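Engineer: Provided below for reference: sequence and predicted model.
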Amino acid sequence: MSRAPAVLSALGATLGDLLGRRCHACGAAAPGRGRGELPPLCADCARELAPWAGPCCPGCGAMFRGATGGAGHLCAACRLEPRPWERLLFHGPYQGLLRRLVLDYKFHGRLGALRLLRGLAREAWLLGDAADAAPGAPPDVIVPVPLHRRRLLHRGFNQSLELARGLGALLERPVPLAALTRVRPASTPDRAAR
Ligand SMILES: [Zn+2]
Ligand SMILES: [Zn+2]
């Protein structure tokens with residue numbers, strides 16, 4: 001068996017140490033630049049955080065594992081009841097490393113995770129535009145999902161607002177704080193189910 005991958009990996013770790021670059025997701029040495037404008041990632045994390053490239057329903061984002069009717073194929077639920085929005089973009093399934101980053105940021109306020117998630121949201125937007133034959137104009141405003149006042153006091157920040165600010169900066173669009181108000185607290189507990 002070849003030892004080349006192990007040697008390359010060790011070399012990468014040494015370079016990462018020398019340059020002081022660490023993977024933003026796991027802390028391992030991460031030589032080289034991050035993908036696009038993402039912060040540095042090691043090869044494993046970059047692979048795990050690759051954008052979903054398979055077929056999916058453009059109405060609700062349901063990811064199809066098998067063959068479908070091609071791009072633009074709607075799932076049965078969306079064919080029965082079309083969604084009220086014009087466009088939906090997402091990065092990937094809520095599982096594995098992506099899920100851990102969301103939980104780290106949302107429930108532990110890890111700013112490194114926020115930086116990565118902002119980068120992934122930006123990537124999802126740019127990839128969606130590139131895949132869309134007629135992407136159209138960016139939205140007039142970006143409205144984050146509001147937190148109830150009590151939840152905001154408890155957590156100290158609105159995770160949705162901080163992500164929206166990243167997109168607002170990318171698209172040069174305002175992110176109004178008071179566009180929506182949550183009048184009833186959400187029923188889910190304010191803690192991570194890990
Ligand atoms: Zn990593
Ligand atoms: Zn659907």
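Structural biologist: Sure thing, it's come through. Ligands and ions are numbered 1, 2, ... in the order given.
Engineer: G96 touches E48, doesn't it?
Structural biologist: Yes - counting by CB atoms under 8 Å, G96 does reach E48; the two are 5.9 Å apart. Glycine gets a C-beta too; all of them are placed from N, C-alpha and C.
Engineer: compare the two (neighbour count), which wins?
Structural biologist: The residue with more neighbours, out of G96 and E48, is E48; 17 against 11, by other CB atoms under 10 Å.
Engineer: returning to what we had before: common neighbours of G96 and E48, please.
Structural biologist: Residues touching both G96 and E48 (CB atoms under 8 Å, 6 or more residues apart in numbering): there are none.
Engineer: what are the C-alpha coordinates of the longest helix anywhere in the chain, in PDB please?
Structural biologist: Using DSSP state H to assign secondary structure, the helix with the most residues in the chain is helix 111-131. Taking Å, rounded to 0.1, in the frame of the first residue of the first chain, the C-alpha atoms of helix 111-131 are listed here in PDB:
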ATOM      1  CA  LEU A 111     -18.000  33.100  16.000                       C
ATOM      2  CA  GLY A 112     -15.800  30.800  13.900                       C
ATOM      3  CA  ALA A 113     -18.900  28.800  13.100                       C
ATOM      4  CA  LEU A 114     -20.800  32.000  12.200                       C
ATOM      5  CA  ARG A 115     -18.000  33.000   9.800                       C
ATOM      6  CA  LEU A 116     -18.200  29.700   8.100                       C
ATOM      7  CA  LEU A 117     -22.000  29.600   7.900                       C
ATOM      8  CA  ARG A 118     -22.000  33.100   6.500                       C
ATOM      9  CA  GLY A 119     -19.500  31.900   3.800                       C
ATOM     10  CA  LEU A 120     -21.700  28.900   3.100                       C
ATOM     11  CA  ALA A 121     -24.800  31.100   2.700                       C
ATOM     12  CA  ARG A 122     -22.900  33.300   0.400                       C
ATOM     13  CA  GLU A 123     -21.800  30.300  -1.600                       C
ATOM     14  CA  ALA A 124     -25.300  29.000  -1.800                       C
ATOM     15  CA  TRP A 125     -26.500  32.400  -3.200                       C
ATOM     16  CA  LEU A 126     -23.800  32.600  -5.800                       C
ATOM     17  CA  LEU A 127     -24.200  29.000  -6.900                       C
ATOM     18  CA  GLY A 128     -27.900  29.500  -7.100                       C
ATOM     19  CA  ASP A 129     -27.500  32.600  -9.300                       C
ATOM     20  CA  ALA A 130     -25.000  30.700 -11.500                       C
ATOM     21  CA  ALA A 131     -27.400  27.800 -12.000                       C
END
